[in-house]
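*Asks:* Provide a 3D model corresponding to the input given below.
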Amino acid sequence: MLKNLYSDFITAFQFLTRIQVQNPPAWAPGAFGRSVKFFPLIGGIIGLILAAIAYGAHFYAPGNAPVHVLAAVLIIVEIMITGALHCDGLMDTADGIFSGRSRERMLEIMKDSRIGAFGAISFFLLVLLKYSLLVDLPSGRLIPALFVMPVTARMTVVAAIALFPYARAEGLGKSFAGGTGSYTVWIAGLLTLVLVAPFGLTGLWPAVAGFTFGLLAARYVANRLGGMTGDVYGAVLELSEVAVLVAFCL
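*Replies:* Numbering: from 1, shown residues only. Sure thing, here's the model as predicted:
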């Protein structure tokens, strides 16, 4: 059992990050669906890396850490860790949803590897929002925000996978959707609570805000497309992260 859990964890880690434990990655049959329960834990690892960078900057330059440079570095590091996987999903989703076409045509547009105008705009706005929010964050909330943000966003994806149907007959995202049930959601939720609870209300209410906003975004897109896709999961994750940062700034 422990071996299977470790295998599922490694699958989640290698899919959600570009930090390869096995080269090439080994994908066991059904592992994608089983790995979903570990998504928040992977978010915690990403959060630890980001928080460590912020802590290091303030430790070595107390009171003088260049906030604007630090914000840019944090965004770049997050993109490097994830390989821009979720940003790509956001861009594809924006191109499809804002095209104003039929459901079938929107799904076709989202499969196109080329980036359209709405995709480019959405990525620009995403980076601008994250940068502005990180710069505006009170210094005492920066490290909690950097940790809670990726944990909450990945829990939101777990819930979206479980709550909404998959829009395509096939696709990588369907591998996750097919293996996600109530047990997976409960385990992921418990992991999220364990990771976020130490921050008290300072971390809990931004987590609830990010989770709620992400699911509302997922519901809107699911109504337009007739369900979710792998790209939409990425878009939901990024939007949830932005919502968490907004909540921490309030």
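*Asks:* For the helix or strand hosting N4, C-alpha coordinates in CSV please.
*Replies:* N4 belongs to helix 2-16 when assigned by DSSP states H and E. What follows is the C-alpha trace of helix 2-16 in CSV, where atoms were taken according to Å, rounded to 0.1, in the frame of the first residue of the first chain:
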residue,chain,number,x,y,z
LEU,A,2,2.8,2.4,0.9
LYS,A,3,4.5,1.6,-2.4
ASN,A,4,1.3,2.5,-4.3
LEU,A,5,0.9,5.7,-2.3
TYR,A,6,4.5,6.7,-3.1
SER,A,7,4.0,5.9,-6.8
ASP,A,8,0.8,8.1,-6.8
PHE,A,9,2.7,10.9,-5.1
ILE,A,10,5.6,10.7,-7.6
THR,A,11,3.1,10.8,-10.5
ALA,A,12,1.5,13.9,-9.1
PHE,A,13,4.9,15.5,-8.5
GLN,A,14,6.3,14.8,-11.9
PHE,A,15,3.1,15.9,-13.7
LEU,A,16,2.6,19.2,-11.8
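*Asks:* Give the other helices and strands that the helix or strand just after it contacts.
*Replies:* Next in sequence after helix 2-16, counting helices and strands by DSSP H and E, comes helix 31-35. In this structure, helix 31-35 packs against helix 2-16, helix 172-177, with contacts taken as 3 or more CB pairs under 8 Å, 6 or more residues apart in numbering; DSSP states H and E. All C-beta atoms are positioned from the backbone trio N, CA, C, and that covers glycine.
*Asks:* Perfect, I'm done here.
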